[in-house]
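Engineer: output the structure for:
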Amino acid sequence: MLVAVGLKLLVNAALGYIGAIFGNPGLALGIFDSQVEDVVLATWEACANAIEHAVDPTEHLVLVRAWLADSRVHVTVSDTGQWAPPSERDDRGLGLRLMASLVSSMEIDEHENGTTVRLEKALSASAD
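Structural biologist: As a prediction, the model looks like this:
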């Protein structure tokens, strides 16, 4: 049986910090399941996008919230800037597709205070 557990991080907008925080996904939410690795990678990618693509952020911080409820892992990644338009380069632009492939649902909400990525992953009962 899964119980509701939460995590809220305010992270310095630097990729090194993000990698260190998400190096042990089970520790953050108290879940030790291979499915969570998909959520961690999608979250890392959302953080990387927030750091790399936020235009004129009012703060150089990324807010990460994660919680487990009803056999689903929910994550939001928020920044205080507007994302730059997608690049036309062949070696860029794979992050959004990667995130979408790793989770059950993904939404990107651009609003006047910044950008928020919402990730959700349904956990199966037969998980390791």
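
Engineer: elements contacting the helix or strand where residue 119 lies?
Structural biologist: Residue 119 belongs to strand 114-122 when assigned by DSSP states H and E. Judged by 3 or more CB pairs under 8 Å, 6 or more residues apart in numbering; DSSP states H and E, strand 114-122 is in contact with helix 34-53, strand 72-79, strand 82-83, helix 95-102, strand 105-111. All C-beta atoms are positioned from the backbone trio N, CA, C, and that covers glycine.

Engineer: deepest of those, which one?
Structural biologist: Highest mean neighbour count among these (mean count of other CB atoms under 10 Å): strand 72-79, with a mean of 22.

Engineer: thinking again about what came up before, could you redo the helices and strands packed on strand 114-122 as CSV and give each row distance to residue 119 and mean pLDDT?
Structural biologist: Converted to CSV, the helices and strands packed on strand 114-122 look like this (distance: least, CB to CB, whole Å; pLDDT from 0 to 100):
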stretch, distance to residue 119, mean pLDDT
helix 34-53, 5, 84
strand 72-79, 4, 89
strand 82-83, 16, 84
helix 95-102, 7, 91
strand 105-111, 6, 94
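
Engineer: wait, which of the ones you listed is closest to residue 124?
Structural biologist: Evaluated over these, closeness to residue 124 peaks at helix 34-53, with 7.0 Å, by CB to CB.
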